[in-house]
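[1] predicted model, plus sequence, below.
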Amino acid sequence: MNILDLDHSLTAQAPIAQRLVDGRATRLDLLELGPKLRLWSSERNYQRFAKSLLQRAKKPAGKPELFFIGSGDYHHLTPALLADLPEPVTLIHFDNHPDWVRFAPRRHCGSWVNRALKLPNVKRIVTLGPCSDDLESPQFKGGNLGALRRGDLQLFPWQHAPTKVWGRIGDGPGHEQHENLLHWHNLSEQDWPTFVDNLIQSLPTEAVWITIDKDVLASEDAATNWDQGGMRLTHLLHAIRALAASKRVLGIDVCGEFAKAPHSNLLKRWEAKSDQPPPQRWSDADLLRNAATNEVLMSLFEELFP
């Protein structure tokens, strides 16, 4: 298990600290690079991160690679983890945001899905759980509706009102278009085990990579830098178990810790203040939920992939 230490958020948690001591996890020191990568990154610094990954511990044969990354402000690092996949995969993406914006910088936590779609071995991305207002007027915000139209991207909100669009997007597994509205097949209204089973049967590859931003979870289960979704931890655990039972899991990465960000870059400071809820909403007791949820996730990974 790889702990990518970009912002101090992970090593302060007791379950992770214990695993670093007893050897179940390995820390990669990226603290110097972390502020340069947070929210968005230049191509140069992104490539520095990709190169630093070569220092990580080699995984045992036949086991998936497991990464804990820190704040969801680093989700755009996921494509670097996918760069050398040995076979085609479907990327299963748990997130409260679609991260599909085309107007943002190329290496941005809100646009990384578009970079991942261009990787040769990523055959489809399935995004599960958004509740955020990113799905309101997505064409004005640069949402990649073209990928949704082609089926390269499938999107299943946890709960969201119909989305207004212009032009023909067409129907998809996660939505139906009626005139200028996309009506979502909201996951909160479906039988979760049945949905997960049907989703697994529809996947185009035998291998999957699972990427998790814990802001997909309700505030009872996580406290992040972003607005929280509505999925419960039990739903996430069930889906991981089902995927591991039916598919070959090549890797899992987890982000969505809470970490204060004293941005020196004025643009990043403005963006964080504009897009993220105020950090004062979380108490110290709230933040302990992150460690508890990570303990459950790591214990599951250790059980599934001994």
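    Perfect, I can see it now. Numbering: from 1, shown residues only.
[2] show me where the stretch 51-200 of the chain has its strands.
    65-71, 89-94, 122-128, 153-156, 163-164, 175-178, 181-184 (DSSP state E, counting those that start in this stretch).
[3] what sits against Glu43?
    Residues near Glu43 by Cβ atoms under 8 Å, 6 or more residues apart in numbering: 106-107. For the C-beta atoms, the positions are set from N, CA and C on the backbone; glycine is no exception.
[4] ok, which stretches of the chain are helices?
    Per DSSP state H, the chain carries helices over the ranges 14-22, 34-37, 43-52, 78-81, 112-117, 138-141, 145-150, 192-202, 233-246, 266-275, 284-304.
[5] so which of those helices is nearest Trp166?
    Evaluated over those, closeness to Trp166 peaks at helix 138-141, with 6.2 Å, by Cβ to Cβ.
[6] got any ranges where the chain has weak pLDDT?
    104-105 (pLDDT under 70).
[7] one more time with 90
    Along the chain, the parts satisfying pLDDT under 90 run over 40, 55-62, 84, 102-106, 140-141, 226, 260-281, 284-285.
[8] pull the longest strand from it.
    For the chain, the strand with the greatest residue count under DSSP state E is strand 248-257.
[9] what helices and strands are in contact with that one?
    Strand 248-257 makes packing contacts with strand 65-71, helix 78-81, strand 207-213, helix 284-304 when contacts are defined by 3 or more Cβ pairs under 8 Å, 6 or more residues apart in numbering; DSSP states H and E.
[10] for the shortest one, name the packing helices and strands.
    Of the remaining helices and strands, those touching helix 78-81 by 3+ Cβ pairs under 8 Å, 6+ apart are helix 43-52, helix 112-117, strand 248-257.
[11] turn those into CSV, columns for distance to Leu33.
    Formatted as CSV, the helices and strands packed on helix 78-81 follow (distance: least, Cβ to Cβ, whole Å):
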stretch, distance to Leu33
helix 43-52, 6
helix 112-117, 17
strand 248-257, 15
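[12] looking at the ones you listed, which is closest to Leu85?
    The nearest among the helices and strands packed on helix 78-81, by Cβ to Cβ, is strand 248-257 at 6.3 Å.
[13] give the pairing partners of the closest one; include direction for each.
    Applying DSSP bridges, strand 248-257 is found paired with strand 65-71 (parallel), strand 207-213 (parallel).
[14] got a list of contacts for the first one?
    Right, the one you point to is strand 65-71. Outside strand 65-71, the residues touching it (Cβ under 8 Å, 6+ apart) are 1-7, 9-10, 16, 25, 34, 38, 59, 75, 77, 81, 224-225, 250-259, 261, 294, 301, 305.
[15] hang on, the earlier thing: tabulate the strands paired with strand 248-257 (CSV), appending distance to Phe49 and mean neighbour count.
    Listed next are the strands paired with strand 248-257 as CSV, based on distance: least, Cβ to Cβ, whole Å; neighbours: other Cβ atoms under 10 Å:
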stretch, distance to Phe49, mean neighbour count
strand 65-71, 10, 24
strand 207-213, 16, 25
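[16] can you redo these as CSV with distance to Thr127?
    Listed next are the strands paired with strand 248-257 as CSV, based on distance: least, Cβ to Cβ, whole Å:
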stretch, distance to Thr127
strand 65-71, 18
strand 207-213, 10
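[17] one step back: for the longest strand of the chain, which positions count as buried?
    Going by neighbour count (16 or more other Cβ atoms under 10 Å), the buried part of strand 248-257 is 249-257.
[18] can you pick out the most distant pair from the residues you listed?
    Farthest apart among the buried residues of strand 248-257 - using Cβ to Cβ - are Leu250 and Glu257, which lie 23.2 Å from each other.
[19] on that earlier part again, return the most buried member of the strands of the stretch 51-200 of the chain.
    Among the strands of the stretch 51-200 of the chain, ranked by average contacts under mean count of other Cβ atoms under 10 Å, first place goes to strand 89-94 (a mean of 26).
[20] what does that strand rub up against?
    82, 99, 113, 116, 121-129, 203-205, 207-213, 216, 231, 236, 239, 243, 250.
[21] make it 6 Å
    Contact partners of strand 89-94, identified using Cβ atoms under 6 Å, 6 or more residues apart in numbering, comprise 121-122, 124-129, 203, 205, 207-212, 216, 250.
[22] how about stretch 270-287?
    223, 225-227, 258, 261.
[23] now that stretch: buried residues?
    Per 16+ other Cβ under 10 Å, stretch 270-287 contains these buried residues: 271-272, 276, 282, 287.
[24] tabulate the residues you listed (TSV), appending distance to Gln139.
    Formatted as TSV, the buried residues of stretch 270-287 follow (distance: Cβ to Cβ, whole Å):
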residue	distance to Gln139
Glu271	21
Ala272	25
Gln276	23
Trp282	33
Leu287	37
